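Participant: curious how this folds, go ahead:
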Amino acid sequence: MAVDQAVRQQIATDLWNAERTATAIDRPTDAHPDLDVIDAYEIQLINIRKRLDAGARVAGHKVGLASEAMQKMMGVDEPDYGHLLDEMQYFEHTAIDTKTLCIPRVEVEVGFLLGADLPGEGCTNEDVIDAVEWVVPSIELIDSRIADWQITLCDTIADNASSCGWILGEQRVAIDAIDVGDIDAVLHRNGEVVAKGNSAAVLDNPLNAVSWLARKVSSFGVHLRKGDLILPGTATRAFDVGPGDHVVAEFARLGSVTLDFN
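Facilitator: Reported below is the predicted structural model:
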């Protein structure tokens, strides 16, 4: 490891306090330039275990940096991932209090609900197709606990891949009834179209992101289980939200998700 356990624990504590007070901190890599990806995932797990010990439950996982543009910006050649917990779920038509967040943004994602466990090492797209029970319209609410979103790869990984929450729309579509590699998505804010995209932006097909995730997390002793929600990455760019915003994400042949913020 590049930094010792005491440093890992201190960074985890700083991020924990930042999230709970909605007060962003300086990026950990400024103070600890030797921090590496393994350290960052271990820091993420420190805080996830703390939340699980307090009664939270793992509801799934998210993939970040799933587009070529984002990977080039971060100087990496693969995505990253974070945990989705049941206590991180938000709901349509229940306004989200932005005062509890630092700098929130929304990402439009084609979500997958697993009806069976996924293998870890060696997981293929065919395995994913066999395991997915439903394709769902979803939004990931992201928020950086690091000031002004000025993050490096290790900063965002340590910060649970900047994940904050997840929201599902009502519609459920069987995976064999839709081409998940070609779903148009449109994001509206206050009645105005602010972003458009296609699910092909997610590693050419979101299935690639899910199979990558299953293989990646297995190296940390984590497995994707029946009932998990998998968010494979955004089909559009992330978009800032604030008090009073009304957001709608629409997916071709898949439905929509509606959010309000106060």
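
Participant: C-alpha from now on. contacts and neighbour counts both.
Facilitator: Fine.

Participant: pretty sure residue 89 sits against residue 165.
Facilitator: Yes. Between residue 89 and residue 165 a contact is recorded at 5.5 Å, counting by CA atoms under 8 Å.

Participant: next, show the common contact partners of these two.
Facilitator: Residues within reach of residue 89 and of residue 165 at once, by CA atoms under 8 Å, 6 or more residues apart in numbering: there are none.

Participant: so between the two, which is more surrounded?
Facilitator: residue 165 (20 against 15; other CA atoms under 10 Å).

Participant: and the more buried one, bridged to which residues?
Facilitator: residue 141 (DSSP bridges).

Participant: excluding its backbone neighbours, what's nearest residue 106?
Facilitator: residue 141 (4.7 Å; CA to CA, 6 or more residues apart in numbering).

Participant: enumerate every residue touching the one you found.
Facilitator: 104, 105, 106, 107, 163, 164, 165, 166, 167.

Participant: now residue 187
Facilitator: Counted by CA under 8 Å, 6+ apart, residue 187 has contacts 108, 193, 194, 195, 196, 236, 247, 248, 249, 250.

Participant: what of residue 191?
Facilitator: Applying CA under 8 Å, 6+ apart, the residues near residue 191 are residue 246.

Participant: dihedrals phi and psi, it?
Facilitator: Torsion angles at residue 191 (phi, psi; degrees, to the nearest 10) stand at phi 90, psi 0.

Participant: quickly run through the sheet partners of whichever strand or helix holds residue 230, with directions.
Facilitator: Using DSSP states H and E, residue 230 maps to strand 229-231. Strands that pair with strand 229-231, judged by DSSP bridges, come out as strand 58-64 (parallel), strand 104-114 (antiparallel).

Participant: of all those strands, which one is nearest residue 158?
Facilitator: strand 58-64 (12.6 Å; CA to CA).

Participant: measure stretch 233-250 end to end?
Facilitator: End-to-end distance of stretch 233-250 (CA to CA, to the nearest Å): 16 Å.

Participant: same check, this time on stretch 80-95
Facilitator: Termini of stretch 80-95 sit 29 Å apart (CA to CA).

Participant: quick check, residue 262 in contact with residue 241.
Facilitator: No. Look at residue 262 against residue 241 with CA under 8 Å: they stay out of range, at 9.9 Å.

Participant: more neighbours: the two, which one.
Facilitator: Between residue 262 and residue 241, residue 241 has the larger neighbour count (other CA under 10 Å), namely 19 against 14.
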